[in-house]
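Peer 1: Return atomic coordinates for the entry below.
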Amino acid sequence: MNPQNFGSQDNKTLTYVLYALYIASIFSAGILSIIAIIINYIKLDSVKGTALESHFIWQIRSFWWYLFWNVVAIACVCLVVFVYHSPWWSATPLLGLAIVIIAWIWHVYRCIRGLITLSEDRPMYQ
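Peer 2: This is a model prediction of the structure:
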């Protein structure tokens, strides 16, 4: 793919910054990912029709799936704390922890894969 299909250099730089925010959000309790997703939605129209649009879609989908799996993990812990008091349910927090760890690894993978693909001047989903 030709670099001109990526639109302006400013938008490409912004995409790098957004990937960095998503990675840094892992260490900021997700605060930086909220900033990144807001920027993704605000700037999505400016990258329509370029290869960067696929990166924005990739980032947006990564955010929402990562949030979903973290909510599922929190629900597992809340089940034990607030609902079930049986010893059998004591393994549920371990399931929640496993979900958090797997989701974290998956999120890091998605960010790194996106960064590598962007650095190779390729759109996602190819």
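Peer 1: Name the residues of the one helix or strand residue 115 maps to that are buried.
Peer 2: Per DSSP states H and E: residue 115 is located in helix 92-119. Under the neighbour-count criterion of 16 or more other CB atoms under 10 Å, helix 92-119 has 92-93, 96, 99-100, 103, 107, 110-111, 114-115, 117-118 buried. Quick note: C-beta positions are derived from backbone N, CA and C, even for glycine.
Peer 1: what's the farthest-apart pair in these?
Peer 2: 92 and 118 (38.6 Å; CB to CB).
Peer 1: re the thing from before, for the helix holding residue 115, the distance to its chain's centre please.
Peer 2: Using CA atoms, centre = their mean, to the nearest Å, the distance from the centre of helix 92-119 to the centre of the chain it belongs to is 8 Å.
Peer 1: Which parts of this protein are helices?
Peer 2: In chain order, the chain shows helices spanning 9-25, 31-43, 52-78, 92-119, with DSSP state H as the criterion.
Peer 1: What mean pLDDT does the longest one get?
Peer 2: When you say that, I think you mean helix 92-119. Mean per-residue pLDDT for helix 92-119: 92.
Peer 1: tell me which strands and helices it is in contact with?
Peer 2: The helices and strands touching helix 92-119, judged by 3 or more CB pairs under 8 Å, 6 or more residues apart in numbering; DSSP states H and E, are helix 9-25, helix 52-78.
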